[in-house]
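>>> sequence unknown, structure follows:
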């Protein structure tokens, strides 16, 4: 629900900026056209039209940008005609208009390409390149936001920490290509199991985490078993790999998100110490145990 509301507000704000850009653009072009008709030809007001073209293309995209470019070119042709300039041929205003449309259209194309590249860079900065899941930084950002919201409204929340069992054995015996395919399979399994309001991330290596906002203790436990079942089913192809899942559930998030994730991590380590391949859920913060040594199972 929160994601839906945020998406609605974002679209509403973007639409407002789009309308404002059009209003600004039309007023700017009309003003420049009036100045063009009222002054000598020495003043190159047409170059300034690029500014509103950029504004409209940036807020409205390719279609709005090209539409406004055409409108601006037509208005400028009208300004040339109304100014009663002396041209060597009657075709000059039309040719000038076509040239301006081509220029404004090219600017629109560049703006859209820049936006596409920026969006791609931002997406890459927030997502793991192998699995396309959220990366560690984006997951902590989402976790801090959800924890603050839970503190404010008193909602329940849970965090799951997943670690693949015997993943090193898979890499050593079948190569890193098989390991990469296994990680991708885990990502698909997690995404198919979770709610639209949940967050899932690859924290690094063979470690994954899931944030479950607004969930009761029993539902969190059930979700953990569903996650484990889905991942273990996906790992049949990569035997003997399995998963250990630690789930920390909180009535509120007063301890902060890093401590919440640390609690889930501690539960996962308990499973590792007890033989791996399991699910464990607990209420509240958990004191992290000492990390396993190299001789202990991974």
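Sure thing, it's come through. These numbers come from a predicted model, not from an experiment.

>>> Over to residue 163: give its phi and psi.
Dihedral pair for residue 163: phi -140, psi 130, per degrees, to the nearest 10.

>>> bridging residues for it?
Following DSSP bridges, residue 163 is listed with bridge partners residue 207, residue 244.

>>> That one - how many residues pack around it?
Residues lying near residue 163 (other Cβ atoms under 10 Å) number 22. Using the backbone N, CA and C atoms, a C-beta is placed for each residue, glycine as well.

>>> do the same with residue 55
Neighbours of residue 55 (other Cβ under 10 Å): 21.

>>> Excluding chain neighbours, what is closest to it?
Excluding the flanking residues, the one nearest residue 55 by Cβ to Cβ, 6 or more residues apart in numbering is residue 21, at 4.5 Å.

>>> Can you name the next helix or strand after whichever strand or helix holds that neighbour?
Assigned by DSSP states H and E, residue 21 belongs to helix 2-38. Sequence order places helix 50-82 as the next helix or strand after helix 2-38, per DSSP H and E.

>>> Show me where the stretch 51-200 of the chain has its strands.
Using DSSP state E, counting those that start in this stretch, the strands found in the stretch 51-200 of the chain span residues 157-165, 199-204.

>>> that older thread, only the buried residues of the helix holding residue 21, if you could.
18, 21, 22, 25, 26, 28, 29, 32, 33, 36, 37 (16 or more other Cβ atoms under 10 Å).

>>> same deal with stretch 234-246?
Buried residues in stretch 234-246 (16+ other Cβ under 10 Å): 234, 235, 238, 241, 242, 243, 244, 245, 246.

>>> Kindly report the same for stretch 203-212.
Quick answer for stretch 203-212 (16+ other Cβ under 10 Å): 203, 206, 207, 208, 209, 210, 211, 212.

>>> a markdown table for those, including pLDDT?
Below are the buried residues of stretch 203-212 laid out as a markdown table (pLDDT from 0 to 100):
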| residue | pLDDT |
| --- | --- |
| 203 | 93 |
| 206 | 92 |
| 207 | 94 |
| 208 | 96 |
| 209 | 96 |
| 210 | 96 |
| 211 | 95 |
| 212 | 95 |
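
>>> Greatest separation within the residues you listed: which pair is it?
Taking Cβ to Cβ, the two most distant members of the buried residues of stretch 203-212 are 206 and 212; they sit 20.7 Å apart.

>>> before we move on, back to that, with distance to residue 266 as new columns, can the buried residues of helix 2-38 be given to me in JSON lines?
Listed next are the buried residues of helix 2-38 as JSON lines, based on distance: Cβ to Cβ, whole Å:
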{"residue": "18", "distance to residue 266": "49"}
{"residue": "21", "distance to residue 266": "51"}
{"residue": "22", "distance to residue 266": "55"}
{"residue": "25", "distance to residue 266": "57"}
{"residue": "26", "distance to residue 266": "61"}
{"residue": "28", "distance to residue 266": "60"}
{"residue": "29", "distance to residue 266": "63"}
{"residue": "32", "distance to residue 266": "65"}
{"residue": "33", "distance to residue 266": "69"}
{"residue": "36", "distance to residue 266": "71"}
{"residue": "37", "distance to residue 266": "75"}
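
>>> Out of the residues you listed, flag the one nearest to residue 62.
Distances from residue 62 to the buried residues of helix 2-38, taken by Cβ to Cβ, are shortest for residue 18, at 12.9 Å.

>>> Who are the contact partners of the closest one?
59, 60, 64 (Cβ atoms under 8 Å, 6 or more residues apart in numbering).

>>> Residue 266: which of the residues you listed is nearest?
residue 59 (47.5 Å).

>>> per-residue confidence at that closest one?
pLDDT for residue 59: 90.

>>> try residue 168
pLDDT, read off for residue 168, is 89.

>>> now do residue 149
Value listed for residue 149 in the pLDDT field: 89.

>>> Hmm, it is touching residue 155, no?
Yes. The criterion here is Cβ atoms under 8 Å, and residue 149 meets it with residue 155 at 7.0 Å.

>>> Fine by me, thanks again.
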